[in-house]
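*Asks:* what's the 3D shape of this:
(one chain, ligands or ions: 1)
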Amino acid sequence: MRGAVLYGPRDVRCEERDVPKIIKPTDAIIRISSACVCGSDLWPYRGIQPIAQPTPMGHEYCGIVEEVGGAVKSIRPGQFVIGSFFASDNTCPTCHIGYQSSCQHRELVQGAQAPLLRVPLADGTLVATSEIPSEDLIPSLLTLSDVMGTGWFAANAANVKPGSIVVVVGDGAVGLLGVLSAKQMGAARIIAMSRHPARQKLAKDFGATDIVTERGDDGVARIKELTKGIGADSVLECVGTQESMMQAIRSTRPGGYIGYVGVPHGVELNGEQLFFAHIHLHGGPAPVRRFLPELIKLVLNRKISPGKVFDLTLPLDQVAEGYRAMDERRAIKALLRP
Ligand SMILES: [Zn+2]
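*Replies:* The predicted model follows:
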């Protein structure tokens, strides 16, 4: 089969790869319906996160189960399934409290930009729909695997409630879906920080009430103006840089909450500054598995359409163009058809 492999900075290729096989009896093999490029794929693509050897890419997936190992009980061939980028047993104490992305037996799922994928811990990781969903829902269902699940966790960790005033830092796909999540959770006001016209428009479609284009001190001043001078109840940090983290911290009101889901790169926090900021800080790799049943229901009932973040669709063979377009911010998120 042909799948995406990253060789080094800005060198991703679609090439012949081994067909994945059942390795452990708890594995499943799924036939990918659609794959996509994640914002976090851009860190190794840009060389910011170096790779040791050619690496199969892709960790967002949904598709039809082809085969299961001998110990798999609840997942069956022929089912349509979605899973998280972290495989989890969903039975250990950490999973029980809803942090499946820190499962005691977690394994990273890798190589989803391909026609077939091996998913470890199939019973714990995969959630099956009762029927095969209609084709037009596939992009939205695919987002639940990571980008939408992560935006949702950002809003959840930031304690978004009906009536909340919310700021979203970051206008990538996760930030935009953070807007959608905050809207779905009943936020009264959603301030999206973006300078990009197409992304501002999508943020508004998803429920943003205000757009702030300023950054740094000016950005903080603008947020204060919009929030009675105190800052927001809930701030979603969806980038992972020092600048974006400080933007989030300084935009939060005393007693407010930050959900941070941008993978931090070079972020350092000052203890004293944090102490006097009086904020709740909660984040990490999203426990997507916790939210999958609820989010699948919202998509199947057509209450949310997170698939709108895909503004570029390419055959898998043109995966390199998908990375390039996202790297150059020509595309918000690229969908790949295997
Ligand atoms: Zn677990």
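
*Asks:* please count neighbours and contacts with C-alpha atoms only from this point.
*Replies:* OK.

*Asks:* get me the contact residues on the chain for the ion.
*Replies:* Counting by CA under 5 Å from the ion, the positions of the chain adjacent to the ion are Asp89, Asn90, Cys92, Cys95, Cys103.

*Asks:* hang on, isn't the second one packed against Cys103?
*Replies:* Yes: with contact taken as CA atoms under 8 Å, Asn90 and Cys103 are classed as touching, separated by 7.4 Å.

*Asks:* more neighbours: the two, which one.
*Replies:* Neighbours per residue (other CA atoms under 10 Å) separate Asn90 from Cys103, with Asn90 holding more: 26 against 21.

*Asks:* tell me how many other residues surround the residue nearest to the more buried one when sequence neighbours are not counted.
*Replies:* Excluding the flanking residues, the one nearest Asn90 by CA to CA, 6 or more residues apart in numbering is Gly124, at 4.6 Å. Look at Gly124: counted by other CA under 10 Å, it has 20 neighbours.

*Asks:* could you confirm Gly124 falls within a helix?
*Replies:* Yes: assessed with DSSP: H, G, I helix; E, B strand; the rest coil, Gly124 lies in a helix.

*Asks:* show me where pLDDT drops low in the stretch 151-300 of the chain?
*Replies:* Of all residues in the stretch 151-300 of the chain, none has pLDDT under 70.

*Asks:* how about the helices in it?
*Replies:* Remark: helices assigned in the stretch 151-300 of the chain by DSSP state H, counting those that start in this stretch are 173-184, 197-206, 216-226, 242-251, 271-277, 288-300.

*Asks:* and Gln49, what pLDDT?
*Replies:* If you check Gln49, the pLDDT there is 86.

*Asks:* contacting residues around it?
*Replies:* For Gln49, the contacting residues are Trp43, by CA atoms under 8 Å, 6 or more residues apart in numbering.

*Asks:* okay, and it sits in which element?
*Replies:* Using DSSP states H and E, Gln49 falls within no helix or strand.

*Asks:* now it: how far from the ion?
*Replies:* Gln49 sits 27 Å away from the ion, going by CA to the ion, to the nearest Å.

*Asks:* equivalent analysis for Ala112, please.
*Replies:* Counting by CA to the ion, the gap from Ala112 to the ion is 22 Å.

*Asks:* thinking again about what came up before, any idea which of the helices of the stretch 151-300 of the chain is most buried?
*Replies:* For these, the largest average neighbour count (mean count of other CA atoms under 10 Å) is found in helix 173-184, namely a mean of 30.

*Asks:* what angle do it and helix 197-206 make?
*Replies:* Interaxial angle, helix 173-184 versus helix 197-206 (axes from the mean of the first three to the mean of the last three CA atoms, to 10 degrees): 20 degrees.

*Asks:* run the chain-centre distance for helix 173-184.
*Replies:* Centre-to-centre, helix 173-184 and its host chain are 10 Å apart (CA atoms, centre = their mean, to the nearest Å).

*Asks:* what helices or strands is it leaning on?
*Replies:* Applying 3 or more CA pairs under 8 Å, 6 or more residues apart in numbering; DSSP states H and E, we find helix 173-184 packed against helix 147-157, strand 165-169, strand 189-193, helix 197-206, strand 232-237.
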